[in-house]
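Asker: No letters, just coordinates:
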């Protein structure tokens, strides 16, 4: 046998390279083609739940640590939170069964406005308020301009446990409207100007508000057009 034949025989005897793939591309295409595509929800079937979240409640329906969740307050199935509200914050949480509406309310590009009533320690100066309105530099970048004003103390439910206030330091209530949703953004904004947040209540998300909803209760809206 000549060298060329030997080389050829040696080459063809090598085992095929194992790529680790246990399925073929055609199988992937077949699975993808059979994947269920959920139909869009008709306007009359859309549900929006406006919930006035109490302090110390998680924005989820289950929790392995046995903490308070939405399941203790909302018996409605197949609705999901559009955005989050921190465990130590109160006020408006919006849930819906419509993914398109959920995206409209939470996608950064949509810039849905959210208004918070915020009790801060101390008395912010006009310069501090102006800084919040212009934008402050946080660790994750400059905040977008916000609408901020000093307001009278709103008529609210009692918080359990109550806010710890220092007797010799006054507090101030602010209305803060932002159009982005960074983690704990409002608290970080007020801390940046030297006035830590003591209590935070979300009053509105877009056109939806807390009006007429007691703390720990909810209101259901149906037949909403997702625009």
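Answerer: Right, received. Where do you want to start? Just so it is clear, the model here is predicted, and its values are computed rather than measured. Numbers count the residues shown, from 1 in each chain.

Asker: quick one: residue 120 and residue 198 touch, right?
Answerer: Yes: Residue 120 lies in contact with residue 198 (Cβ atoms under 8 Å); the separation is 6.5 Å. C-beta here means a position set from N, CA and C on the backbone, and glycine is covered the same way.

Asker: what is the rounded mean pLDDT of stretch 129-148?
Answerer: In this model, stretch 129-148 has a mean pLDDT of 96.

Asker: In stretch 68-80, which of the residues would be classed as buried?
Answerer: The neighbour-count check on stretch 68-80 (16 or more other Cβ atoms under 10 Å) flags 70, 73-74, 79 as buried.

Asker: Farthest-apart pair in these, please.
Answerer: 73 and 79 (12.1 Å; Cβ to Cβ).

Asker: what about residue 120 and residue 198, which has more around it?
Answerer: residue 120 (26 against 19; other Cβ atoms under 10 Å).

Asker: Does that one fall in a helix, a strand, or a coil region?
Answerer: Following DSSP: H, G, I helix; E, B strand; the rest coil, we place residue 120 in the strand state.

Asker: start at 52 instead
Answerer: Right, with 52 as the first residue, what we last looked at is residue 171.

Asker: contacting residues for it?
Answerer: The neighbourhood of residue 171, defined by Cβ atoms under 8 Å, 6 or more residues apart in numbering, consists of 222-225, 241, 246-249.

Asker: Recalculate using a threshold of 7 Å.
Answerer: 222-223, 225, 241, 246-249 (Cβ atoms under 7 Å, 6 or more residues apart in numbering).

Asker: so where is the protein shaky, pLDDT-wise?
Answerer: Applying pLDDT under 70 to the chain picks out residues 52-90, 275-278.

Asker: Could you pull out the helices in it for me?
Answerer: 54-63, 76-85, 150-157, 177-185, 236-243 (DSSP state H).

Asker: Now do the fourth one against helix 236-243, angle only.
Answerer: Taking axes from the mean of the first three to the mean of the last three Cα atoms, to 10 degrees, helix 177-185 and helix 236-243 form an angle of 150 degrees between their directions.

Asker: gap between helix 177-185 and the chain center?
Answerer: Averaged C-alpha coordinates place helix 177-185 at 25 Å from its chain's average position (Cα atoms, centre = their mean, to the nearest Å).
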